[in-house]
Each structure stands twice: as structure tokens, then as C-alpha cells.
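In: sequence and computational prediction follow.
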Amino acid sequence: MAGALAGMKLIDFGQMVSAPYCAKLFSDYGADVIKVELPDGDAARKSGPFPKDEPHPEKSGLYFCMNSNKRGITLDVSQERGRELFLELVKWADGLIENNLPKQMETWGLTYEVLAEANPDLVMISITPFGQTGPYSGWNAYDLNAYHLSGASSRYCGRPGEMPLEHGTFAADYFGAVAGSTWGLASIYGRENAGGGQHVDVSSAECIAATFVGGQNIGGYAQDGKFDKRTGVGMPLGAPATIVPCKDGHVWMLALEPGQWNGLRKVMGDPEWADLDLFQDMYMRAQNADVIYPFIQEWTMQHNKMEIMEKCQAAGCPITAVFTIEEAAEQPHLKERDYIVELEHPVLGSVRNLGAPFKLPASPGGPSQAAPLLGQHNAEVYQEVLGLSAPAIEQLHTDGII
Amino acid sequence: MPKALPLKGIRVVNFGWVWAGPVAGQTLGFLGAEVLKVESNARIDLTRSLPPFAEGEAGPNRSLSNHACWAGNGSVSLNLKKPEAIELVKQLIAESDVVIENFGPGVMDQLGLNYEELCKVKSDIVMFSMPAAGLYGPMKAVRTYGLSLTSTTGLDSLVGYKGGGPIPVENAYSDPFAGIFGAFAILTALNHRDQSGAGQHVDFSQQEAIMQMIGPAYMDYAFNGRSGGPKSNEHPLASAAPHGVFPCAGEDRWISIAVSSDEEWSALVGAMGDPEWAKRADFASLDDRLKNIDALHTEIGTWTQASDDRELADALQAAGVAAAPVLNVADLLTDPHYKARETFIEVTHPLGFKETIYGAYVKTSRTEACVNPGPVIGQDNDRVFKEIMGMPDERYQDLIAQEVIY
């Protein structure tokens, strides 16, 4: 069965997480994605994680998980001949996905204006921390800077008085990647409506500031001039609603509505303290948080996370175990759904990877080919896509262009 | 040729409620699709009752956060407890391309609106379901809230202060993330429909979509059997140092600084005025800086704490260092960058009051996103029932009187 995006052609001219993950969403659902790397390769190749922590450009786990189902070529766009070849490739493509800082694309002479002249139907998806316009668009920045400029950490993540926290992964890069994939795919899909290609300008910080933080906070602040900050507690207005420790780790303790609270009481064996008047609704329980959480913790510390989750779920409470990475990866639910896949890689051997993010029964997707080695598809792509002869390709090698 | 939005001509019936489902509809709406949320006064969505309210006056059409998160969706009011309402919604689906729902598994079945039923009225319908943990599997009926669903993906285990336990993120990052991601999934299915003539039922497990974000940590598990844990603001793959948030002058003011190359490190050292400590061998290479990252961060924090966050960010950026202020909610509205990009816009709600919502959170050079405020419950009833479905006025009034259209 063909993938849902079969026939669509894209260039991935990105490094690390945001643009490569965006491009992977296209390649994993059937688009033909050619990854263009500078001769040094995507910076992810240096980033690991590596088996046994031994760095090797073909053994990066980050590169492996961001670049499945793509063909890989090398091209030095800083040389004039390299730049010409890049523009030839742009003529072939429906879309180009990149995450270079705007000034870098300018230095290479590869701005949207230049690319659109080569191919007016091109959809260029640029994903950077701060975007293509605005006073910070010229700033140097990474995922960390983007996430913390979004308001998300100040509002929602960390203890009051202590430093605000990132989300534990490349949270801004992923958010920007997904926004870029959606708006970019719509722009390709609806190109006839729109009358041609366009530049899709994604600022990861802005996507989060708008949809996550702004959506729930900005209207109230604009009207009333009041705003909130992080509390370090999952839900400060109701209780119990936070992460608490248990015998073998942590659980997300949630019992707000009366049915949920009564379910939890039953699972805990109807302790006497739970009858106290000050615990009778979620708001009162929150006001007495310093009393109730120690009581609950006394119980959770005697039980394992899976036991707590299973019993509480059965009693109607939305309580879940806080899975470690291992527990998340090995859970039976995801096994039954074939979420983890295994890919053959010429250097790494057989390696497991996260599979398709969503299931399309009529046009299945997900990783099936491992990430390309550096320049793995040079001969194939330069010959088939750009029509170069074997000697011409050889010359490009000699000249250090590919 | 006049420019139309990319998704002009696509009609979406959105049963999505609370947050993730409405954001999926919103995204398609911003991009030109006609999105009709099906809701009812018989069972008002809880997010419509969330304060603060416009002009301080409570009401289901006055919740400011609800409007921001739902803008771009239209609204049709149908009381789905009445069999006639189910028939009417099927007639609307017959004229549509996509159906969105984020109920638990089985609810659409109970309503008589499962995929098989929808195919009977529209053979190539794209049905998009986004339950917490997918449509099948032993955990499909798991009860979670958006903000705790992340605990089943491993992501929560990575958030917190170094050496401590997990700290809960206080709102559902997963909802807008999954909503926007869902719109991508819908577009892939529409593309497939256009190519093949076949619709399908998309099984979008929010758990699996969100779990994509642990990819880098998962690879360390796959290779080395390690599970990772909270590490404050350090680089997820330990390939940059310093990499953190440092105190600045004022209450709860901070700056983020990330240094991944030796050039950036030299630039930072220069900007700090070449202090003696920075010349120590402990900090010479990236490996050294990673090994001694706690001491490194302490030194930098000592240097930053007397400075204004914005002035310091400007100075560091002038030197080429990736640094930016850590913004709070109030800052978002006045920040020059978000102002220049018109991230937040003041709009007039259909009921006449002004409110601030977010606009196109992605910028497109050829087409301008369509951001409609609202919706008011049932605001599109007239047009949908009379124009799209061709219902005579008398019957329309009858159905309103019977609280089927309600």
C-alpha cells in the first residue's frame, strides 16, 4: 500500500531536531524526502546518544530517530557549483524544510525570494526558534531559548522562587516541527487554491506562546491585568492533583470529582482521616494541601506505581503511573499496538525506534528504512533526480562539492 | 487569480471538546477549511464555563480562554440525545469531508456515529479519532487528564530539578500539541483520499503522538538501557554547556543561555570580561564544561544576577551567544518580538465585546490566515440548516422549538 503522501517530493535541509523531525513526518507517511547535508553532516551526528557512549558519525541515536525513510546526499552549498545544484533540486521539489538561522540562509544566497524564483510552486518551511521576522529573528538561539521565551516555563513549570524548567526534551523544537508540518502540508495540498507556493515561517517560541500559554492566559491578562506563575503543583486549585512519590517511583495522583475521590478513598481502604470535613471537596482539599498530601503519601509509599494505577483506574480515578523511559517503552499496550519498530541499519545493525505517531489503516505510515549514511544516496540522486553522468558526479567529489 | 486559502472548500464537522479536538479544528479553520463544531446548550462544554469572562460577566459565550482556544471553529448546536439530531448531523456529514472527535473509545458507537455509519452517508469520509491511548489495546479505556497523560509516555519522568523527582507541568502541553499534530494527520488522510478516492478512520492516540517527543531519550534506552531523569535545564543529550537558566536582577527574572560550540564559549567568556575562573582547565573544552557543569553554572549565575535580563540578552546576542530573557505571561503581551509578529490580536467577539486571542501562530507569505473569533453556541445554525442542508424555515423553527437544534 502506498503511503498517504506518496508522490510528494521534499528536501530536508535541516539539522538536529526541528526541521529533520518535520521532514520525517513527511517521509514516514510516504513522501520522497531527500536530506541534504553539508559535507560535515548534520550536527545531530555529533550529538549522540551513541552505543556505549562512543561517538561515531554513523551511530548517533538522535540522527537515527530523526531521519528515517529519507534519502541522504551531501552538498556544499557554500560553493557556487553546490549552490547551483541545490537550486536544481529545488526545482524538483514540492517543499523545502529547513531550520537554519535566517542570516545563514542569506549568506548562502538561499533566501525564499531566490528559491521562489527557481520554483514558484515551492513551499518553503522554515522552523527556527524566533522566526523570519521581528527583532529577535537575527538572534542566535536554540530550543532552550525558544522554550523559555514562550512563557511556558514561567507559568507552568518549576517551583516558585526557583528556576523555571524546560520540558525535559527538545520541547520547542518538536512543537515547531509539528506546526511546520501541518501548515506546510496544508500549503502544498492547497497550492492550487493559493495560486502557488509560499514561505511558511514558523517560530517555535511563538507557536508555544500562542497556543499553549496565550490561549489560556492572554485574554484574562489583557482584560484584567492579572496573571499567574508556576506553583510546582500539578493543579493548585484542586486536590489531589499532582505527582507524588510511591514505593517504586511516582504516580500522577488525580481525584477531583466526588466519584474519583470516593474511588480513591475506597482503594486506600477508607482511612479515617479522609472523613474529615476539610477534605470534602476538591477546593477544600487544595486549601488544605499541606495536610492532605502527607496523608496520601503515607499510603502511596507502601504501594507500587502499577498497583496504584490499576486499582485506582478500576475504581474510576484518572490516576496513572509516572513511567520511566524503560517502562513507557515496554508497556504491553504499545506492544499490542506495534508502536515500537525495528530497523536494519548498515552500521548500527538492528535497532528499535519509536514508530508511527498515528495510524492510517488505508495508507500505513511509520519508519521502515533506517536513516541514511552520510552521502549514501549521492550517486542515485544526482543521477536520477538531477540527470548528472557518472563522470560529472565523480568530478563533484573531486572538487569537494559532494 | 484571487488567492484563496489552501483549505478552501474543505468542510469539517468537529465533535471535539475541551481543548485538543477544538485546536485540530482551529488549525484547519485558520488554513481556510469551514469547521463546524457540534455542541449543545443541553451539555455545555466545561471550558465554556472557565473564568475569566469578558467584562467580568459570566456566561457560556464569555470565557476568554475558551474563545482563544476555539477561535476558527464555527458552531452548530444540536442536542445529540435526540434521535432527530443524530439524523441531522448525518445529513451534515454527508456534505462534509472530515469528522473530528476526541471522546473516549466507544462514545461515537453509542451515538450511532461510528465509522461504518458515517461511511453510509459519505463513502469517502475522513474520520479522525483522537482518544487518549488509541482505539484499541489493553489501555484504550485509560482515564487521564491532558496534563497527566504525559506520565504514560515517559516524558514526565524527564522534567524536574537535577537529582530530584519529577515536577508536574501544570497544564496540558499535550493538548495544543496533539491538536495541531492531529490537523497534520487529517491532511495526510485528505491527500490520500484525493489520490485514491478512499477515506479512512484515523486512529490518533494522543499518547503515541506525545511520546514522539521522548525520541532522543528513547534512543539512549534502546542503545544503552538507560532511562534518564530530571536534569533541570541541561541539554537533553549533554551536548552543550553551559545550558541553563540563570537569575537576573528583579523578582523572578531569568535569562536562558545555551553554548554548544567553542566559538560561542569564547564569545561568552569575552562578554563576561574574561574572568579568571573561565580560564581554568575545568572549563577548557566542551567535555570539561560538561564534566564540571554545576560549578560552571554557579559561576555564570553569580555573574548574571545583578544584570537586567533584557539588557544582558542584547549584550550576549551582540557577541553571538544564544541568550534570551525568560518571559512570564505579562511579558508576552508587551514583548517587542511578539508585537512585531502580531502573535496576539484584539478582536471583536460576535456578541460585541473586545477580547485578546492569538492569531496565526505560523506566518504564511502568500495567504493570510482566517482568524474568526468566537464561536457563539449555534452561531452557524441558520446557514448550515437552511443553506447547506436546504431545510425549510418552518421545519427549522419546529426543530428549535423541540430543542433538537439547541
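Out: Done, it's in.
In: would you point out which residue is most central in chain B?
Out: residue B:176 (1.5 Å; CA atoms, centre = their mean).
In: now the strands for chain B?
Out: B:11-14, B:34-39, B:74-77, B:98-101, B:126-129, B:200-203, B:243-247, B:254-258, B:322-325, B:344-348, B:354-358, B:363-364 (DSSP state E).
In: next, see if the shortest one gets close to chain A.
Out: Spelled out, it's strand B:363-364. Yes: judged by CB under 8 Å from any CB of the partner chain, strand B:363-364 comes into contact with chain A at B:363-364. (Each C-beta comes from the backbone N, C-alpha and C, glycine too.)
In: so which residues of the stretch 101-250 of chain B form helices?
Out: Ranges of helices within the stretch 101-250 of chain B are B:107-110, B:115-121, B:146-149, B:174-196, B:206-211, B:215-224, based on DSSP state H, counting those that start in this stretch.
In: can the strands of chain B go into CSV with extra columns for distance to residue B:24?
Out: Below are the strands of chain B laid out as CSV (distance: least, CB to CB, whole Å):
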stretch, distance to residue B:24
strand B:11-14, 7
strand B:34-39, 9
strand B:74-77, 14
strand B:98-101, 5
strand B:126-129, 7
strand B:200-203, 11
strand B:243-247, 32
strand B:254-258, 30
strand B:322-325, 30
strand B:344-348, 21
strand B:354-358, 16
strand B:363-364, 19
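In: can you add mean pLDDT and give the ones you listed back as CSV?
Out: Supplementary listing: the strands of chain B in CSV, determined by pLDDT from 0 to 100:
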stretch, mean pLDDT
strand B:11-14, 98
strand B:34-39, 98
strand B:74-77, 98
strand B:98-101, 98
strand B:126-129, 98
strand B:200-203, 98
strand B:243-247, 98
strand B:254-258, 98
strand B:322-325, 98
strand B:344-348, 97
strand B:354-358, 98
strand B:363-364, 98
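In: those: which one's closest to residue B:402?
Out: Smallest distance to residue B:402 across the strands of chain B (CB to CB): 12.9 Å, for strand B:74-77.
In: can you pull the alpha-carbon coordinates of the closest one into CSV?
Out: What follows is strand B:74-77, C-alpha atoms only, in CSV (Å, rounded to 0.1, in the frame of the first residue of the first chain):
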residue,chain,number,x,y,z
GLY,B,74,-17.8,27.6,13.7
SER,B,75,-20.7,26.2,15.8
VAL,B,76,-23.8,24.3,15.2
SER,B,77,-26.0,23.5,18.1
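In: now that strand: how far from the chain's centre is it?
Out: 21 Å (CA atoms, centre = their mean, to the nearest Å).
In: then stretch B:23-38?
Out: From the chain centre to the centre of stretch B:23-38 is a distance of 14 Å (CA atoms, centre = their mean).
In: and what of stretch A:230-247?
Out: With CA atoms, centre = their mean, you get 26 Å for stretch A:230-247.
In: phi and psi next, for residue 123.
Out: All of this refers to chain A. Note on residue A:123: backbone dihedrals following degrees, to the nearest 10 are phi -100, psi 110.
In: can you look at chain B instead?
Out: phi -60, psi -30.
In: what about it, how many residues nearby?
Out: Residues near residue B:123, counting by other CB atoms under 10 Å in any protein chain shown, number 11.
In: check the one 10 residues further on too.
Out: Applying the criterion other CB under 10 Å, we find 24 residues in the vicinity of residue B:133.
In: re the thing from before, looks like the residue nearest to the centre of chain B contacts residue B:24 (just checking).
Out: No: using CB atoms under 8 Å, residue B:176 is not in contact with residue B:24, being 9.7 Å away.
In: what about the stretch 301-406 of chain B, any weak spots by pLDDT?
Out: By pLDDT under 70, the stretch 301-406 of chain B has no low-scoring segment.
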